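Chemist: after the sequence you'll find the predicted model.
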Amino acid sequence: MEMRLTRRGIALPAAMLTCAVLLVMLPEVTSTRFIVGSNMGWTSNVNYTVWARDRHFYLGDWLFFVYDRNQMDVLEVNKTNYETCNSDHPLHNYTTGAGRDVVPLNVTRHYYFISSKGFCYGGMKLAVLVEDLPPPPSASKIKEKSGSSRFTFRSQIIIPALFAVAAVWDSFLLFL
Ligand SMILES: *[C@@H]1O[C@H](CO)[C@@H](O)[C@H](O)[C@H]1NC(C)=O
Ligand SMILES: *[C@@H]1O[C@H](CO)[C@@H](O)[C@H](O)[C@H]1NC(C)=O
Ligand SMILES: *[C@@H]1O[C@H](CO)[C@@H](O)[C@H](O)[C@H]1NC(C)=O
Ligand SMILES: *[C@@H]1O[C@H](CO)[C@@H](O)[C@H](O)[C@H]1NC(C)=O
């Protein structure tokens, strides 16, 4: 019985410390992973100019292209070749063959993506401007922006973090 009390005395502060560490780390999580075309993915019949128009892309964010690997691909081209849908001189070929390709937006500049095989002519082209990260938002700014995808992504981090805390907590309880 005495042993149990001693262990509880250790486990409780340890679990609380884990909570505290996670809460301190959370404001650092600012990158967003954008699924290109949202639930439509990377495909024909989506206007990616419209998709990108209301979004902000910041240094450190990611683009995630999800598409039919048997038909489409993901090529980064320069502005001229984006406008003319010329896929002969890609700057970067992100196609891995899985139909799920990740592009790190690791430079502040314009990025231009097209799918070759004729799809670009139908509008399968995306231009994004990657900007420097804005200063860390204050509490009031977080409230203002609560509807944005950036904040949604944060809550996607927070929820798994809470599960992680719960898992750590459970493992401590197992020792009691
Ligand atoms: C894009 O690359 C092509 C060669 O593939 C070149 O002729 C053109 O000037 C380049 N455009 C820009 C904006 O750099
Ligand atoms: C891009 O890379 C993929 C996978 O290596 C390859 O199959 C494809 O031919 C490449 N496309 C171009 C346009 O270079
Ligand atoms: C950015 O990411 C691309 C693709 O992974 C890589 O080729 C490039 O070297 C990276 N650039 C910097 C500045 O990290
Ligand atoms: C996408 O929408 C923009 C803005 O409404 C329009 O200017 C552009 O022509 C459209 N692109 C395609 C491929 O339909």
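Modeler: Cool, got the structure. Residues are numbered from 1 along each chain as shown. Ligands and ions are numbered 1, 2, ... in the order given.

Chemist: partner residues bridging Tyr111?
Modeler: Counting by DSSP bridges, Tyr111 forms beta bridges with Val128.

Chemist: which parts of this protein sit against ligand 3?
Modeler: Proximity of the chain to ligand 3 (C-beta under 6 Å from any ligand atom) is limited to residues Pro104, Asn106, Val107. Glycine gets a C-beta too; all of them are placed from N, C-alpha and C.

Chemist: by neighbours, which of those wins?
Modeler: Across the residues of the chain next to ligand 3, the neighbour count under other C-beta atoms under 10 Å reaches its highest value at Pro104, namely 13 neighbours.

Chemist: phi, psi of the nearest residue to that residue once chain neighbours are set aside?
Modeler: In this structure, Pro104 finds its nearest non-sequential neighbour in Trp62, 5.7 Å apart by C-beta to C-beta, 6 or more residues apart in numbering. Backbone torsions of Trp62, given as degrees, to the nearest 10, read phi -130, psi 150.

Chemist: my read is that Trp62 contacts Val36, right?
Modeler: No. Taking contact to mean C-beta atoms under 8 Å, the distance of 10.2 Å between Trp62 and Val36 leaves them out of contact.

Chemist: return the distance of the residue nearest to Pro104 relative to Val103.
Modeler: 7 Å (C-beta to C-beta, to the nearest Å).

Chemist: quick one, which of these two is more surrounded?
Modeler: The residue with the greater number of neighbours, taking Trp62 and Val103 and applying other C-beta under 10 Å, is Val103; the counts read 20 against 15.

Chemist: within the helices and strands, which one has the closest residue to ligand 3 within the chain?
Modeler: Minimum separation of the chain from ligand 3 (C-beta to the nearest ligand atom) falls at Asn106, amounting to 3.8 Å. Secondary-structure assignment from DSSP states H and E places Asn106 in no helical or strand segment.

Chemist: ok, Leu91 to Asn81 distance?
Modeler: Taking C-beta to C-beta, one finds Leu91 at 9 Å from Asn81.
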